[in-house]
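Peer 1: sequence unavailable; structure follows:
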């Protein structure tokens, strides 16, 4: 496994490898877990060469304290990647990613898509995501890039970014990996106590309820309402939102119409940790 920090070196490597080989990119912010393993496994199955980037992107944090405490576990991450036979790790510095002052970084506006749910509660977050993903895709120029379904709205943002800027890369979504309790794996889970992890698993139980009701013919708004009522029975969970949306446009699903797919999305605090999750329903 090769580890690069300099842009010129990783570009030279990729250029040499792309001569007859397919390249997959797994962008991460480190603190790797089994969810990242699933992304790497998917890339290794699809491509001749897999590159994992590790970079904690400051422009997607609207809370400086959240950025400060974000886990940085590079040594352990490199050990995990080597155990999975990852070909290349790209670990750029802030100076490489943002050679000018971060205050002068281009701002991206994704219209309605970044004004709701995560975009509403984390203003500026998706602009930062879009900028760093655009940078990484242009730096590496992979054939495919892999993102987890857990960040479903981010996935929609990235698909729009790639489509609108005619980027020659295929965006691959990888299903959510969960603990035995149903809790979606996240780098933030390490901040939860054992008791809080059990509480946090109720987010998935509420999503399952919404899906079961919706699959049984209950309207989206009614299914959502019952899922919220279920979470209300757990006072240690501070709900920000639980919504039924179209997973492409992220517009709310209304009862007077049908969509080809529906996603129930949730965000909540358990203790001091903010968690997100979703469940995707297709072919309804």
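Peer 2: Done, it's in. Everything numeric in this text was worked out from a predicted model, so none of it was measured. Residues are numbered from 1 along each chain as shown.
Peer 1: how does the protein divide up, domain by domain?
Peer 2: Under the assignment automatic domain parsing, the domains of the chain span 2-174, 187-282.
Peer 1: just the element for residue 26, please.
Peer 2: Secondary structure assigned from DSSP states H and E places residue 26 in strand 23-28.
Peer 1: average pLDDT for that strand?
Peer 2: Averaged across strand 23-28, pLDDT comes to 98.
Peer 1: so for residue 180, which of the domains of the chain sits nearest?
Peer 2: Using CB to CB as the criterion, the shortest distance between residue 180 and the domains of the chain is 9.1 Å, found for domain 187-282. C-betas here are computed from N, CA, C, even on glycine.
Peer 1: pass me the low-pLDDT residue ranges in the chain, would you?
Peer 2: Within the chain, the stretches falling below the threshold (pLDDT under 70) are 102-104, 255-260, 283-284.
Peer 1: run through the helices of it in chain order.
Peer 2: With helices called from DSSP state H, the chain shows them at 7-17, 34-46, 64-69, 74-83, 94-97, 118-121, 125-140, 152-164, 194-215, 220-232.
Peer 1: please state the offset of the third one from the chain centre?
Peer 2: Mean C-alpha position of helix 64-69 versus that of the full chain (CA atoms, centre = their mean, to the nearest Å) differs by 18 Å.
Peer 1: contacts for that helix?
Peer 2: Taking contacts as CB atoms under 8 Å, 6 or more residues apart in numbering, the residues outside helix 64-69 that touch it are 56, 58, 61.
Peer 1: by contact count, what packs against the strand holding residue 26?
Peer 2: On a contact count with 3 or more CB pairs under 8 Å, 6 or more residues apart in numbering; DSSP states H and E, strand 23-28 meets helix 34-46, strand 49-54, helix 125-140, strand 144-148.
Peer 1: how far out from the middle of the chain is that strand?
Peer 2: Centroid separation between strand 23-28 and its chain, computed with CA atoms, centre = their mean, is 13 Å.
Peer 1: ok and that strand relative to helix 152-164, angle-wise?
Peer 2: Using axes from the mean of the first three to the mean of the last three CA atoms, to 10 degrees, one finds that strand 23-28 and helix 152-164 are set 140 degrees apart in direction.
Peer 1: so of the contacts of helix 64-69, which ones are in strands?
Peer 2: The strands in this structure, assigned by DSSP state E, contain none of these.
Peer 1: distance to residue 96 added to those residues, as TSV?
Peer 2: Output for the contacts of helix 64-69, formatted as TSV (distance: CB to CB, whole Å):
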residue	distance to residue 96
56	13
58	13
61	18
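Peer 1: ok now do the closest residue to residue 57 other than its chain neighbours, which residues does it touch?
Peer 2: Taking CB to CB, 6 or more residues apart in numbering, and ignoring the residues beside it in sequence, residue 57 has residue 132 as its nearest neighbour in space, at 4.2 Å. Going by CB under 8 Å, 6+ apart, residue 132 touches 27, 55, 57, 59, 60, 97.
Peer 1: quick one: which of the domains of the chain is nearest residue 181?
Peer 2: Comparison of these against residue 181 by CB to CB identifies domain 187-282 as nearest, at 3.8 Å.
Peer 1: quick check: end-to-end length of that closest one?
Peer 2: Domain 187-282 has an end-to-end distance of 27 Å (CA to CA, to the nearest Å).
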